[in-house]
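**Student:** give me a model of this one.
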Amino acid sequence: MSTDTPPPAATTEDRTVAIVAYLTIIGFIVALIMHGNKKTALGSYHLRQCLGLVITGFVVGAVAVIPILGWLIAIVSMPVFLVFWVMGLIAAVNGQQKPIPLLGEKYQQWFASTFN
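**Tutor:** You can find the predicted model right below:
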């Protein structure tokens, strides 16, 4: 029999910051302000995931200025980013700290001291 206790369920208030963070850049800013008033582990986690997605999106956008190869990278990455965004949003709605595929764990490492 395991003595590990499951983590406490996320409250609606905890989930709000996580969900709002995924709703455009303005939503991210609003989530930052909300998180500043009441910091939660779930909010911090999803703010880091969103920050990572935004920065990665800017990098891919910068690569898109390269003719042909950059355009192909940008075209292929757009649906991938959409899927990752939806996966992050679903995890936030469910109150889970589930990383985005490929870089989600790295985002948590790179921005570990951010939003605490």
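**Student:** for this structure, which helix is longest?
**Tutor:** If you go by DSSP state H, the chain has its longest helix at helix 69-93.
**Student:** which other helices and strands contact the helix or strand bottoming out on mean pLDDT in the chain?
**Tutor:** Within the chain, judged by mean pLDDT, DSSP states H and E, the helix or strand with the poorest mean is helix 12-21; its value is a mean of 85. With contacts defined as 3 or more C-beta pairs under 8 Å, 6 or more residues apart in numbering; DSSP states H and E, helix 12-21 has these neighbours: helix 24-37, helix 41-63, helix 69-93. In short, each C-beta sits where N, CA and C put it, glycine included.
**Student:** quick revisit: list the buried ones in the next helix or strand after the longest helix of the chain?
**Tutor:** Next along the chain after helix 69-93, taking DSSP states H and E as the criterion, comes helix 104-110. By neighbour count on 16 or more other C-beta atoms under 10 Å, the buried set for helix 104-110 is 104, 107-108.
**Student:** go on, stretch 27-41?
**Tutor:** Of the residues in stretch 27-41, those buried under the neighbour-count criterion (16+ other C-beta under 10 Å) are 28, 30-32, 34-35, 40.
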